[in-house]
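Asks: fold the stuff below for me.
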Amino acid sequence: MRSKKYEIGVGNCVTATHLVSVNSNKGLLMPPRIAERELVDPALECLYNSEAGEISTTELRDHLTRVFEPEGEDTAILDGRVDTKFDQKVRNLKSHKTLEKTGQVEATRKGFRLSTFGQRMRRERSRRS
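Replies: Numbering: from 1, shown residues only. Below is the predicted model of the structure:
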């Protein structure tokens, strides 16, 4: 097995890069597993683009599902649950404080909002556009 790199995005914006497993004997592409760390930049982009700089975990999950279009193992339903492995990775952004560790996000009861630093980053990005 070897890996092949490909990028996905919305419009002209690359939102994620994946490594795809390639079976060299058969030339088959295996659906990529999406890592939690791959969700960070698209999640920040989603927060930057939200009107209030705040988004619920459910809204973030829906957005990231549209961006990544999970397949394969990421779409498997977790034992004893009604959600997928991908849904769990999005929830892990909150429980592992992954977005908060960037310094740009604060957790809220229902999801996330941009911190003061995150708001400053959003303003700087909009000036460059």
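Asks: let's see stretch 37-49 as PDB, backbone CA atoms only.
Replies: Output of stretch 37-49 as PDB, limited to C-alpha atoms (Å, rounded to 0.1, in the frame of the first residue of the first chain):
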ATOM      1  CA  ARG A  37      -6.800  17.500  12.700                       C
ATOM      2  CA  GLU A  38      -8.000  17.800   9.100                       C
ATOM      3  CA  LEU A  39     -11.200  19.400  10.400                       C
ATOM      4  CA  VAL A  40      -9.500  22.300  12.100                       C
ATOM      5  CA  ASP A  41      -8.900  24.700   9.200                       C
ATOM      6  CA  PRO A  42     -12.300  24.100   7.600                       C
ATOM      7  CA  ALA A  43     -14.000  24.600  11.000                       C
ATOM      8  CA  LEU A  44     -12.100  27.900  11.500                       C
ATOM      9  CA  GLU A  45     -13.100  29.000   8.000                       C
ATOM     10  CA  CYS A  46     -16.700  28.200   8.900                       C
ATOM     11  CA  LEU A  47     -16.500  30.300  12.000                       C
ATOM     12  CA  TYR A  48     -14.800  33.200  10.100                       C
ATOM     13  CA  ASN A  49     -17.700  33.100   7.600                       C
END
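Asks: now do that stretch: distance to the chain's middle.
Replies: 6 Å (C-alpha atoms, centre = their mean, to the nearest Å).
Asks: can you check stretch 109-118 too?
Replies: 16 Å.
Asks: with stretch 87-101 instead?
Replies: Counting by C-alpha atoms, centre = their mean, stretch 87-101 is centred 10 Å from the centre of its parent chain.
Asks: same thing with stretch 72-81?
Replies: 17 Å.
Asks: which of the residues in that stretch are buried?
Replies: D74 (16 or more other C-beta atoms under 10 Å). C-beta here means a position set from N, CA and C on the backbone, and glycine is covered the same way.
Asks: just the C-alphas of it, formatted as CSV.
Replies: C-alpha atoms of stretch 72-81 as CSV (Å, rounded to 0.1, in the frame of the first residue of the first chain):
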residue,chain,number,x,y,z
GLY,A,72,-16.2,4.4,3.8
GLU,A,73,-15.3,3.8,7.4
ASP,A,74,-16.1,7.4,8.4
THR,A,75,-19.8,6.7,7.5
ALA,A,76,-20.0,3.6,9.8
ILE,A,77,-22.5,3.9,12.6
LEU,A,78,-20.9,3.7,16.0
ASP,A,79,-21.9,0.7,18.2
GLY,A,80,-24.9,1.6,20.4
ARG,A,81,-25.3,5.0,18.8
